[in-house]
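Undergrad: Can you look at this prediction? I've put the sequence above it.
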Amino acid sequence: TTIGACAFLDCDSIVDVNFSPSLKKVGNDAFSDCDGITEVVFPNGIEYIGAFGNCSKLTSLTIPNMKNGTISGSFDNCKALKKVRIGNLENTVVGRYTFSGCTALESFHFANVEDSELCEYFFKGCTSLKTVTFTEIDNCTLGENFFADCTALESVNFGDSVNFTIPANMFKNCTSLKSVYFGDVNGLTISENAFKGCTSLSNFNYASLKNVTIGAYAFSECSSLTWFNFDVVNSIGEYAFSKSGLVSANIPRETTLSPYAFSDCPNLQTAVLNGSVPESVFENSTALKEATFELSLEIPKRAFYGCTALEKVSAPKSVYVRSMAFYNCKALKTFEYKQIGDVESHAFYGCSSIDNIDLSKFRGAFYEIPDYAFYGCSSLSSVNIHDKITSIGANAFKDCQSLRYVLMNQTSRVIVENAFEGTPFLQYYTT
């Protein structure tokens, strides 16, 4: 049995709907704008639903188990809908905006969802929706902006899953979201902007989680998120935790980091980096006090740019300090390293608290101190320079106002005229 598209469109006099057990299809907009209908129960065996948009008095909905079925944008803007029962979905496609604008809907429970697709904007604008629970979700696709503008949403439980993807912008503008829970999940992709701006999110919990990939801006601006277990993470995208509330970050050796991953984190205080590090990774994280490099041979370009509270950096191995790595790190006092392979321009620019630099721990092809390398290091009192360094560039030690001693061999060395400009207490060079 089939009910055709628009069959009862805008029939406000219809109050009760009783479907035949043999019904297979209800066409698109078949009962849309029927303002008298309050309850709908679909029969077992239904294969296609596309029927009830803008039914302003619909309060209760029951959808049975569906296999190889389609639900097509059916209940959008049913503003009185509060109670929904939905069975198992297998190999079923649920279309865009299915419950969009259902502003009275407060909770939603999915049974098992398998080999199915739940499309974009599924709950968009459900402003009273607080909790959503999935029992199990396997090999399924959820659409972008799934919970967009669900401003009252507080918790989501995704249950158990295999190879699950949280789509882009899934929780856009979900400012009340506090907790997300996963059961046993092997293979989780958190797409770009998935939780961006979820300012109340504080708990990201799971029973067992493996092989996690975090996309660009995924947790950006999550200001209540203070902790994350990075042991289960394979890769972290650009700006993934930018402006988040993280207090510490311990990144495993196997985890691939992208630029700006932890930039502008106002509460981040400590970081341990066990693998390679990209440029600008902590840029402008103004509360960061201590960072430890366990493996990396490079402190990359702008890694700690603007980290004005940074006091100590430890690098047990030989390191190369790239351009602007510690730019304007005004509180930096301690930089521990085994050997130094290179220092690029502006590397320690404005590090006004560091008082001693030992460049005699030399490794590799480090032949010059480049322009502006230590510009404005106003507490720097002494520098020990390796014999193989043959030139000192423009403004390299300019405005190092406390500098008194520079230990170096002056033979075969080129020193640009203003390299030590603004160092009134510099008395002599020794060999």
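TA: Happy to help now that I have it.
Undergrad: which strands and helices sit next to the host helix or strand of Ser161?
TA: For Ser161, the element it lies in under DSSP states H and E is strand 160-166. Counting contacts by 3 or more C-beta pairs under 8 Å, 6 or more residues apart in numbering; DSSP states H and E, strand 160-166 is packed against strand 131-138, strand 141-142, strand 179-190. All C-beta atoms are positioned from the backbone trio N, CA, C, and that covers glycine.
Undergrad: Now render the ones you listed as TSV, adding distance to Gly245 and mean pLDDT.
TA: Putting the helices and strands packed on strand 160-166 into TSV (distance: least, C-beta to C-beta, whole Å; pLDDT from 0 to 100) gives the following:
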stretch	distance to Gly245	mean pLDDT
strand 131-138	23	91
strand 141-142	26	94
strand 179-190	15	92
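Undergrad: can I get the ones you listed in TSV with distance to Ser161 and mean neighbour count?
TA: TSV is the format used below for these (distance: least, C-beta to C-beta, whole Å; neighbours: other C-beta atoms under 10 Å):
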stretch	distance to Ser161	mean neighbour count
strand 131-138	5	18
strand 141-142	11	18
strand 179-190	5	18
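Undergrad: closest one to Tyr327 among these?
TA: Tyr327 lies closest to strand 179-190 among those, at 30.9 Å (C-beta to C-beta).
Undergrad: Format the CA atom coordinates belonging to the closest one as CSV.
TA: Output in CSV follows, covering the C-alpha atoms of strand 179-190 (Å, rounded to 0.1, in the frame of the first residue of the first chain):
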residue,chain,number,x,y,z
SER,A,179,29.6,15.9,28.2
VAL,A,180,30.2,13.4,25.3
TYR,A,181,30.5,9.7,26.0
PHE,A,182,31.7,6.8,23.8
GLY,A,183,31.6,3.1,24.7
ASP,A,184,34.0,0.8,22.9
VAL,A,185,35.2,2.6,19.8
ASN,A,186,37.9,1.4,17.5
GLY,A,187,38.6,4.1,14.9
LEU,A,188,37.2,7.6,15.6
THR,A,189,37.5,10.6,13.3
ILE,A,190,36.6,14.0,14.8
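Undergrad: so that strand versus strand 131-138, what angle?
TA: Going by axes from the mean of the first three to the mean of the last three C-alpha atoms, to 10 degrees, strand 179-190 is angled at 40 degrees with respect to strand 131-138.
Undergrad: Give the pairing partners of strand 179-190; include direction for each.
TA: The pairing partners recorded for strand 179-190 under DSSP bridges are strand 155-157 (parallel), strand 160-166 (parallel), strand 203-214 (parallel).
Undergrad: List the buried residues in the second one.
TA: Under the neighbour-count criterion of 16 or more other C-beta atoms under 10 Å, strand 160-166 has 160-161, 164-166 buried.
Undergrad: Okay, helices next: where are they in the stretch 51-200 of the chain?
TA: Using DSSP state H, counting those that start in this stretch, the stretch 51-200 of the chain contains no helices.
Undergrad: Low-confidence stretches in it?
TA: 73 (pLDDT under 70).
Undergrad: how many other residues sit next to Lys82?
TA: By other C-beta atoms under 10 Å, 15 other residues sit near Lys82.
Undergrad: Gly95 too?
TA: Neighbours around Gly95, by other C-beta under 10 Å: 21.
Undergrad: Also Gln401?
TA: Other residues within reach of Gln401, judged by other C-beta under 10 Å, total 16.
Undergrad: So it is in contact with Ser378, correct?
TA: Yes - using C-beta atoms under 8 Å, Gln401 is in contact with Ser378, at 4.8 Å.
Undergrad: who touches the residue lying closest to Pro300 once chain neighbours are set aside in this structure?
TA: Distances taken as C-beta to C-beta, 6 or more residues apart in numbering place Glu279 nearest to Pro300, at 4.2 Å, with adjacent residues excluded. Contacts for Glu279 were tallied using C-beta atoms under 8 Å, 6 or more residues apart in numbering; they are 259, 300-303, 322.
Undergrad: hmm, 7 Å instead?
TA: 259, 300-303 (C-beta atoms under 7 Å, 6 or more residues apart in numbering).
Undergrad: how near is it to Glu298?
TA: Applying C-beta to C-beta, to the nearest Å, the value for Glu279 to Glu298 is 9 Å.
Undergrad: what does Ile369 give?
TA: From Ile369 to Glu298 the distance is 18 Å (C-beta to C-beta).
Undergrad: more crowded one of the two?
TA: Higher neighbour count among Ile369 and Glu298: Ile369, with 27 against 20, using other C-beta under 10 Å.
Undergrad: ok, what's across the strand from that one?
TA: Beta-bridge partners recorded for Ile369 (DSSP bridges): Ile392.
Undergrad: Verify the stated contact: it with Val343.
TA: Yes - with contact defined as C-beta atoms under 7 Å, Ile369 reaches Val343; the gap is 6.4 Å.
Undergrad: and Asn18, how many neighbours?
TA: Counted with other C-beta under 10 Å, Asn18 comes out at 7.
Undergrad: quick one: what helix or strand has it in it?
TA: In the assignment (DSSP H and E), Asn18 maps to no helix and no strand.
Undergrad: how about the strands in the stretch 301-431 of the chain?
TA: For the stretch 301-431 of the chain, the strands defined by DSSP state E, counting those that start in this stretch cover 312-315, 319-321, 334-337, 340-343, 356-359, 368-369, 382-385, 391-392, 405-407, 414-415, 428-430.
Undergrad: Am I right that Ile49 is in contact with Pro43?
TA: No - Ile49 is beyond contact range of Pro43, at 11.0 Å (criterion: C-beta under 7 Å).
Undergrad: So the two - more neighbours on which side?
TA: Using other C-beta under 10 Å as the criterion, Ile49 and Pro43 rank with Ile49 on top: 27 against 15.
Undergrad: Tabulate the buried residues of strand 160-166 (JSON lines), appending distance to Asp355.
TA: Output for the buried residues of strand 160-166, formatted as JSON lines (distance: C-beta to C-beta, whole Å):
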{"residue": "Asp160", "distance to Asp355": "56"}
{"residue": "Ser161", "distance to Asp355": "54"}
{"residue": "Phe164", "distance to Asp355": "52"}
{"residue": "Thr165", "distance to Asp355": "51"}
{"residue": "Ile166", "distance to Asp355": "48"}
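Undergrad: which of the residues you listed lies closest to Leu332?
TA: The shortest approach to Leu332 among the buried residues of strand 160-166 belongs to Ile166, at 37.7 Å (C-beta to C-beta).
Undergrad: hang on, the earlier thing: nearest to Ile214, out of the helices and strands packed on strand 160-166?
TA: Closest among those, using C-beta to C-beta: strand 179-190, at 4.9 Å.
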